[in-house]
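J.: just coords:
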């Protein structure tokens, strides 16, 4: 250690923004401040923290700032509650630990009573970190199993804070938010009257109509509302899925079972209006596809992002390199889609004549690309549907019985 007072910081993390987790973070900060308050040989720098960010992510702002300060020689010891709060990924944890050890920065894991600068530090850290990572895997599998059971029972898993038009009651059931419902109804009425999604978004931004998250209106926002079956009272469960424990969320193109629940909750728009909107959306897609077919590039309008389903646009990248990039990512950034950048050389020999989902895989450190036809995915889903056209009745304590259909 450096001579004089030991410069100590603490690191805390909570994975959600709920009131309970906020209270937990406040308690952790108070604990560390009180713990070092009267230690005369310690210069307590403060608490670095991250909130609402998963432990599986390396790019945490508080965490990264702490590392930068360590590299700048401002910190001697990092005090954290446990390995799982610091990092559950064994590879990441060991990499950070070794980097800090090389510059004589110690990490103290209180729950495990472990110092990384001790003789047995790295050996014990490897064992305990592997255990923490396996614990995460088991927990994720249990959560996935629990969600599957909820879907099979017809229970919704929806964040209404990002879902315009509905709130949840004390039983977790969807109930209409009257003011937001008026906005949804207006979107449907404007679209059925002939106004396009771009024009509606522009109008709402001019009128400063509030969005569900306080941001701007985009054509994709309007389109998603127009395509959402929940506004007619139905619910499709498991639209997105995780291919692996640490993988990013992907659009479900038939890889895992989906469930349709009809008359799940009170509708905001009539079934007739919703179906009329889908008909017009389909007509517009066909018209756009016809236009795209006459464009300079044969694949224009046909390649779809595997993460959000949006069209990939052809762009010139660094030093004239041609790539295909998710259009939603281009318009709205990472908040809307994590995006994908596909080299033109990877797709130029593909013989594609209909909308196709591009899939990206990392094999031995190199990216490989393949594709699956959306029509085939749809037909597979339809085949499953035909095997069980009637579904089953789903009893519920707080709501009427309803029909769940496997898609």
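T.: Now that the structure is in, tell me what you want to look at. This structure is a prediction, so every number in the text was calculated from the model and none was measured. Numbers count the residues shown, from 1 in each chain.
J.: from residue 371, how far out is residue 352?
T.: From residue 352 across to residue 371, the span is 7 Å (Cβ to Cβ, to the nearest Å). In this view, the C-beta of every residue, glycine as well, is placed from N, C-alpha and C.
J.: all strands of the stretch 251-400 of the chain, in order?
T.: 259-261, 303-305, 312-316, 322-326, 341-343, 356-363, 366-373, 392-394 (DSSP state E, counting those that start in this stretch).
J.: turn those into TSV, columns for mean neighbour count.
T.: Formatted as TSV, these follow (neighbours: other Cβ atoms under 10 Å):
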stretch	mean neighbour count
strand 259-261	21
strand 303-305	24
strand 312-316	17
strand 322-326	21
strand 341-343	17
strand 356-363	15
strand 366-373	14
strand 392-394	13
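J.: which of those has the lowest mean pLDDT?
T.: The minimum mean pLDDT among the strands of the stretch 251-400 of the chain belongs to strand 392-394 (a mean of 32).
J.: burial of the closest residue to residue 310 other than its chain neighbours, as a residue count?
T.: Excluding its sequence neighbours, the residue lying closest to residue 310 (Cβ to Cβ, 6 or more residues apart in numbering) is residue 328, at 3.9 Å. Neighbouring residues of residue 328 were enumerated by other Cβ atoms under 10 Å; the total is 23.
J.: same deal with residue 86?
T.: 22.
J.: got the contact list for it?
T.: Counting by Cβ atoms under 8 Å, 6 or more residues apart in numbering, residue 86 touches 11, 13, 80, 93, 107, 109.
J.: which SS state does the first one fall under?
T.: Following DSSP: H, G, I helix; E, B strand; the rest coil, the label given to residue 11 is strand.
J.: quick one: it and residue 62 touch, right?
T.: Yes - applying Cβ atoms under 8 Å as the test, residue 11 and residue 62 come out as touching, 7.3 Å apart.
J.: looking at these two, which one has more neighbours?
T.: residue 11 (21 against 16).
J.: tell me the contacts of the more buried one?
T.: By Cβ under 8 Å, 6+ apart, the contact set of residue 11 is 47, 48, 49, 62, 63, 66, 78, 79, 80, 85, 86.
J.: who does the third one form a beta bridge with?
T.: The one in question is residue 49. Beta-bridge pairing for residue 49 (DSSP bridges): residue 12.
J.: give me the number of residues near it?
T.: Using other Cβ under 10 Å, residue 49 has 20 neighbouring residues.
J.: swap in residue 219?
T.: Counted with other Cβ under 10 Å, residues neighbouring residue 219 total 17.
J.: now do residue 46
T.: 13.
J.: and if you look at residue 347?
T.: 20.
J.: could you pull up the residues touching the residue nearest to residue 348 when sequence neighbours are not counted?
T.: Counting by Cβ to Cβ, 6+ apart, residue 299 is the residue found nearest to residue 348 once chain neighbours are left out, at 8.0 Å. By Cβ under 8 Å, 6+ apart, the residues touching residue 299 are 314, 324, 347, 348, 350, 352.
J.: isn't the fifth one up against residue 370?
T.: No - assessed by Cβ under 8 Å, residue 350 is found out of contact with residue 370, at 9.5 Å.
J.: about what we covered before: and the strands of the stretch 251-400 of the chain: which comes nearest residue 218?
T.: Nearest to residue 218 among those is strand 322-326 (13.8 Å), distances taken as Cβ to Cβ.
J.: which neighbours does that closest one have in its sheet, and in what orientation?
T.: Sheet pairing of strand 322-326 (DSSP bridges) gives strand 312-316 (antiparallel), strand 341-343 (antiparallel).
J.: show me the shaky parts of the stretch 101-250 of the chain.
T.: 121-162, 238-250 (pLDDT under 70).
J.: how about the strands in it?
T.: 106-109, 114-115, 166-168, 174-176, 235-237, 240-242, 249-251.
J.: quick one: closest of those strands to residue 212.
T.: Using Cβ to Cβ, the nearest of the strands of the stretch 101-250 of the chain to residue 212 is strand 166-168, at 10.1 Å.
J.: the closest one: partners in the sheet, and parallel or antiparallel?
T.: By DSSP bridges, strand 166-168 pairs with strand 174-176 (antiparallel).
J.: would you mark the buried spots in the partner strand?
T.: residue 174 (16 or more other Cβ atoms under 10 Å).
J.: residues near residue 23, how many?
T.: Residue 23 has 11 nearby residues by other Cβ under 10 Å.
J.: distance of it relative to residue 30?
T.: 11 Å.
J.: could you do residue 279 as well?
T.: 58 Å.
J.: domain ranges for this protein, per the record?
T.: When the chain is parsed with automatic domain parsing, its domains come out as 6-139, 295-407.
J.: quick one: common contacting residues for residue 352 and residue 371?
T.: Both residue 352 and residue 371 are contacted by residue 303, under the criterion Cβ under 8 Å, 6+ apart.
J.: just to revisit the earlier point, of all the strands of the stretch 251-400 of the chain, which one comes closest to residue 334?
T.: Across the strands of the stretch 251-400 of the chain, closest to residue 334 is strand 322-326 (Cβ to Cβ), at 10.4 Å.
J.: so the closest one versus strand 356-363, what angle?
T.: Relative orientation of strand 322-326 and strand 356-363, computed by axes from the mean of the first three to the mean of the last three Cα atoms, to 10 degrees: 110 degrees.
J.: which other residues reach strand 322-326?
T.: 299, 303, 305, 307-308, 310, 312-317, 337, 339-345, 347, 358.
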